[in-house]
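> Give the three-dimensional model of this entry:
(chains A and B)
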Protein chains: 2
Amino acid sequence: MSVTVPEGFAAQGVAAGLKSTGLADLAVVVNLGVNPVGAAVFTSNRAKANPILWSEQAIRSGQVRAIVLNSGGANCFTGEFGYETSVLTAKLAAGELGVDPNQIQVCSTGLIGEGGPAFREAILHALPGALATAHEDGGEAAARAIMTTDTRPKMAAYRGEGWSIGGMAKGAGMLAPGLATMLVVLTTDVGLDPIGARRALRSATAQTFDHLDSDGCMSTNDQVTLLSSGMSAAQPSEEEFTAALTEVCRDLALQLLDDAEGASHNITIRVVGAVSESDALEVGRSVARNNLFKAAIFGNDPNWGRVLAAIGTTRAAFDPYEVDVWMNGVRVCHHGGPDQPRDQVDLSGRNTEVLIDLQTGAAEGTIWTNDLTHDYVHENSAYSS
Amino acid sequence: MSVTVPEGFAAQGVAAGLKSTGLADLAVVVNLGVNPVGAAVFTSNRAKANPILWSEQAIRSGQVRAIVLNSGGANCFTGEFGYETSVLTAKLAAGELGVDPNQIQVCSTGLIGEGGPAFREAILHALPGALATAHEDGGEAAARAIMTTDTRPKMAAYRGEGWSIGGMAKGAGMLAPGLATMLVVLTTDVGLDPIGARRALRSATAQTFDHLDSDGCMSTNDQVTLLSSGMSAAQPSEEEFTAALTEVCRDLALQLLDDAEGASHNITIRVVGAVSESDALEVGRSVARNNLFKAAIFGNDPNWGRVLAAIGTTRAAFDPYEVDVWMNGVRVCHHGGPDQPRDQVDLSGRNTEVLIDLQTGAAEGTIWTNDLTHDYVHENSAYSS
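Numbers count the residues shown, from 1 in each chain, chains lettered A, B, ... in the order given. Below you'll find the predicted structure:
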């Protein structure tokens, strides 16, 4: 159930001293395959962290021998010095492994603005040991080392006939779409070429992480990376592989949703009857980003009026007096008016299903989000202080 | 300091029984002028409440003899019955005053979905008495009757040479732009024609209420209405009048900001060095809507990284490594890197100034917002239950 499930991967997580708690904060995943193919998608935030700037150009090689990930500092907006730190990290790992630096991906997570001399020194000091001790059961140690406010490590795996996919993820706040979200590493022993790897990865993330919008805030550091070792002789079709990769990504996305900072509800917003998928997703996202709706769900209040008010801000095709809304199976709004009484809706569980029928077409789309809670406010008002 | 400051207006606020607290919940403002000119701007939410549907068509007359406003129920998504209630309200007021129903504006605020038979009956029963007892010192009573979660009435006035403008407003949540926001009534004794009234009102709201974005949530019911009695002989220039109207609107907008639900900080986000005002406003709004930034300010944390992360999601012209950020006068970020230490910033007061210099041009824009607090979550998770 981790990145070391597929053949040909070694991983490790160590404490480099970046976290004041002394917990593990530096992870490596090494691709032992003869042809270490890799692909990645990156945050679409235009304010990009230094490791993103490094990794975006390095991935053009189509090869990823190893990925180095740290928690305890985002190395974002840390100037030239911070960028050099990412380059030095890649060069050090490349030297240890005897490969070109462009085969090294670098990811960081933590507070923006953190990444000074002590940060650099800690990483460069601990990295050789992490690489030297990486082993084929190290997936969980790596998953733990990339945690920040996560309460548990996130891992997933898919086992095919003679091949497999493994994955790990971190991320508990700043979850929002725009291609990649969070730090995610996916591994497979299936032999892929760089173009096929990229195509499969883009397809899988577009259907999973891109539909996850916990708090509407897009990070500067997020990256999803796929590593292929080619150690399996099996050759699943591209369709079969992409479907399995999508399943692993969905598993990880839902683990992120379930561990989102301070959340007390996982909310699935399914929009049907739309004229297009993009209309459905725009409507779903407008509801997912509406603080009044999110606070109502925290209060176990099936406040469908706030759903309609959010839909009204979109450009989607709909008539407000045709829309139906269900909450956990109860139709609370029919043709834009009150339907079943609010007290028939039970929102006391963690999982909340909101179904919106726009009654204008046959397309649909789903967005996953969380509620807005006291604990979200608390965690995010105290994070850096 | 209210809508009855200008000559030619009578107002009243009474308890119609819409609020379970028994507090005043029905307000009227009557224009006593010979030529009762009016103009209005409405929410741009496509999910519009019934009173908005009525008022939008009625305002085409260019005349407003009276405006009837209720709290204790939004009359939104209450079906045909709800729309008829707005029409019957206008017709009853018109009958009492001996005018055409299209000279009556109707506004409602409260919970969406509330507006059944009891609601209609309460309004129609209390309305004649409210109109009959409206008087020239009734501005404060009217301002109190439109309060929902507001903790205090909002009133403002401007006194020119022989002419004046008065105003009142309600609104404490669901504050967001898109033309009109909240319920606002503005009165003047200056004689205006409908087109001039509309032009002045649009100009004033565009520079004030449109820059107020407390929680990013746009209401279904919001309306700003200007009534002109023409009882003053003074003829200020259009420029002078518009400037005064803008001042009254700014005063009311800042009162709304100061009383926003659960807020502990009033945040002014001023963006300078932009290539256009629209770029500046897009950047300001992206920061104002970032829950992580808003929670940080609640925690008195000058987390400029979240400011840059928010800017990065816009399409504005900027280079992240040129941006400067000040908080309460301290430059915490210079050219996209850390500058003065965080502990030099004092965010303990209510007013917070964030200044962002994009360093790409000479345009600027300001957005007013609030922080994200425990009390905001509490008030909005418990509102309808």
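
> Give the other helices and strands that the helix or strand of chain A with the lowest mean pLDDT contacts.
Least confident helix or strand, chain A: helix A:374-381 with a mean of 84, by mean pLDDT, DSSP states H and E. If contacts are counted by 3 or more Cβ pairs under 8 Å, 6 or more residues apart in numbering or on different chains; DSSP states H and E, helix A:374-381 sits against helix B:291-298, helix B:374-381. For the C-beta atoms, the positions are set from N, CA and C on the backbone; glycine is no exception.

> Surely A:Glu277 and A:Ala363 touch.
Yes - applying Cβ atoms under 8 Å, one finds A:Glu277 in contact with A:Ala363, separated by 4.9 Å.

> and the two? which has more neighbours close in?
Using other Cβ atoms under 10 Å in any protein chain shown, the more surrounded residue of A:Glu277 and A:Ala363 is A:Ala363, with 17 against 13.

> can you put the helices and strands packed on helix A:374-381 in a markdown table and add distance to A:His335 and mean neighbour count?
Shown next, in a markdown table, are the helices and strands packed on helix A:374-381 (distance: least, Cβ to Cβ, whole Å; neighbours: other Cβ atoms under 10 Å in any protein chain shown):
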| stretch | distance to A:His335 | mean neighbour count |
| --- | --- | --- |
| helix B:291-298 | 33 | 26 |
| helix B:374-381 | 26 | 22 |
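
> can you list these in JSON lines and add distance to A:His125?
Shown next, in JSON lines, are these (distance: least, Cβ to Cβ, whole Å):
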{"stretch": "helix B:291-298", "distance to A:His125": "31"}
{"stretch": "helix B:374-381", "distance to A:His125": "41"}
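
> if we compare these, which one ends up closest to B:Val106?
Judged by Cβ to Cβ, the one of those that comes nearest to B:Val106 is helix B:374-381, at 26.0 Å.

> quick one: the closest one to helix A:374-381, angle?
For helix B:374-381 against helix A:374-381, the angle by axes from the mean of the first three to the mean of the last three Cα atoms, to 10 degrees is 150 degrees.

> contacting residues around helix B:374-381?
Contact with helix B:374-381 is made by A:291-292, A:295-296, A:298-299, A:301, A:372-374, A:376-378, B:149, B:173, B:215, B:261-264, B:298, B:370, as judged by Cβ atoms under 8 Å, 6 or more residues apart in numbering or on different chains.

> Can I get that helix as PDB, trimmed to CA atoms?
Only the C-alpha atoms of helix B:374-381 are listed here, as PDB (Å, rounded to 0.1, in the frame of the first residue of the first chain):
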ATOM      1  CA  HIS B 374     -14.600  31.400  14.800                       C
ATOM      2  CA  ASP B 375     -17.600  33.700  15.300                       C
ATOM      3  CA  TYR B 376     -18.200  33.800  11.500                       C
ATOM      4  CA  VAL B 377     -18.300  30.000  11.400                       C
ATOM      5  CA  HIS B 378     -20.500  29.900  14.500                       C
ATOM      6  CA  GLU B 379     -23.000  32.500  13.300                       C
ATOM      7  CA  ASN B 380     -23.300  30.900   9.900                       C
ATOM      8  CA  SER B 381     -23.500  27.400  11.000                       C
END
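
> all strands of the stretch 201-350 of chain A, in order?
A:223-228, A:266-274, A:324-327, A:330-334, A:337-338 (DSSP state E, counting those that start in this stretch).

> Which one of those has the poorest average confidence?
With a mean of 88, strand A:337-338 has the lowest mean pLDDT of those.
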